[in-house]
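Asker: sequence plus the predicted model coming up.
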Amino acid sequence: MHKAMKASSSAGFRESEKRPSDGITVGRLLDLHQAGEYCGVSYWLVRDWVADGILQPVRLPGSRLKGEKGKVRCRSTEHSLRKILLDRADLDRLIEECKR
């Protein structure tokens, strides 16, 4: 079995989730660079799509702020990760809409 295929199958990823250029497995959430590569466009264009509201970033919670006795005191979205992540399904939807 090919080494890259073996690594991807052992990690539980499908072959279709590999980026064509380098064989690196891509998850459901992509950063701006990965999203650009996935769509075949530049990082800057994907960044503009987010800024223009064409794509909505996924806001995952960041670190939890702990209060007294280690209890979580804040889980609000105001403490979300700063990294912009995009759902691959949203990219697929955008591509399909642009075909029409």
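Answerer: Received the coordinates, thanks.
Asker: elements contacting the longest helix that the chain contains?
Answerer: Taking DSSP state H as the criterion, the chain has its longest helix at helix 88-99. Contacts of helix 88-99 with other secondary structure elements, assessed using 3 or more C-beta pairs under 8 Å, 6 or more residues apart in numbering; DSSP states H and E, are made with strand 29-30, helix 32-39. (Each C-beta comes from the backbone N, C-alpha and C, glycine too.)
Asker: low-confidence ranges, the chain, go.
Answerer: Confidence mapping of the chain against pLDDT under 70 gives the ranges 1-26, 62-81.
Asker: that one: strands as residue ranges?
Answerer: When secondary structure is read from DSSP state E, the chain shows strands at 29-30, 65-66, 72-74, 86-87.
Asker: which residues does the residue lying closest to Leu30 once chain neighbours are set aside contact?
Answerer: Distances taken as C-beta to C-beta, 6 or more residues apart in numbering place Leu86 nearest to Leu30, at 5.3 Å, with adjacent residues excluded. If you count contacts by C-beta atoms under 8 Å, 6 or more residues apart in numbering, Leu86 has them with Leu29, Leu30, Asp31, Leu32, Ala35, Val46, Val50, Leu55, Pro57, Val58.
Asker: ok, those residues vs Lys99, which is closest?
Answerer: Nearest to Lys99 out of those is Leu55 (C-beta to C-beta; 16.7 Å).
Asker: skipping its backbone neighbours, what lies nearest the closest one in space?
Answerer: Trp49 (4.6 Å).
Asker: wait, the one you found sits on Gln56?
Answerer: No. No contact is recorded between Trp49 and Gln56 when judged using C-beta atoms under 8 Å, the distance being 9.8 Å.
Asker: compare those two (neighbour count), which wins?
Answerer: Trp49 (21 against 11; other C-beta atoms under 10 Å).
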